[in-house]
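Asks: How does the following fold in three dimensions:
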Amino acid sequence: MITDAIGRAVAFVLAPGQAHEPPHAVALLDQLPDVPGWVVADRGYSSHGFREHIWNLGARPAIPPKRNETPVACPDWIYTHRNQVERLWARLKEWRAVATHYERTANSFMGVLCMAAAIDWIKG
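Replies: Predicted coordinates for the structure are as follows:
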């Protein structure tokens, strides 16, 4: 999921439960209409290729390195905004259908997720 600076959903994609999320991140970034100033992500998205893609877009990555990687610059003052995505998920999971994955098909679950995100956007 991608959020804006104040924690509203901008773009998201459904991935199978057993799949890793980082491969979908490049496609999500390419869907954005404007180039963000910063791309903030957690250690799970730490890879040289993903950082390079962010630089090629014209944005700056704020992704801390994994413990076994060489250190890279990740300013603390921008990385503190990483919790915006976690807060958004907490608000979306207030909807029972989102929290329990009540919908059986991906299309119907995506519909519920879009509706919950739209209402969160309006409330914001």
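
Asks: ok, which stretches of this structure are strands?
Replies: Along the chain, the segments classed as strands by DSSP state E run 2-3, 9-11, 38-40, 60-62.

Asks: With mean neighbour count, distance to V26 and mean pLDDT as extra columns, can I get those in TSV?
Replies: In short, each C-beta sits where N, CA and C put it, glycine included. Conversion of these to TSV gives the following (neighbours: other CB atoms under 10 Å; distance: least, CB to CB, whole Å; pLDDT from 0 to 100):
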stretch	mean neighbour count	distance to V26	mean pLDDT
strand 2-3	19	12	90
strand 9-11	18	12	90
strand 38-40	20	11	91
strand 60-62	20	12	91
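
Asks: Out of those strands, which is closest to S47?
Replies: Taking CB to CB as the criterion, strand 60-62 is the member of the strands of the chain that comes nearest to S47, at 10.3 Å.

Asks: Sheet-wise, list the partners of that closest one with their directions.
Replies: When sheet partners are counted by DSSP bridges, strand 60-62 sits next to strand 38-40 (parallel).

Asks: which residues sit against the strand it pairs with?
Replies: Under the criterion CB atoms under 8 Å, 6 or more residues apart in numbering, residues 29, 54, 59-63, 78-79, 81-82, 84 lie in contact with strand 38-40.

Asks: Buried subset of these as a ChimeraX selection?
Replies: ChimeraX command restricting those to the buried ones, with burial defined by 16 or more other CB atoms under 10 Å:
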select :29,54,59,60,61,62,63,79,84
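
Asks: Good, we can wrap up now.
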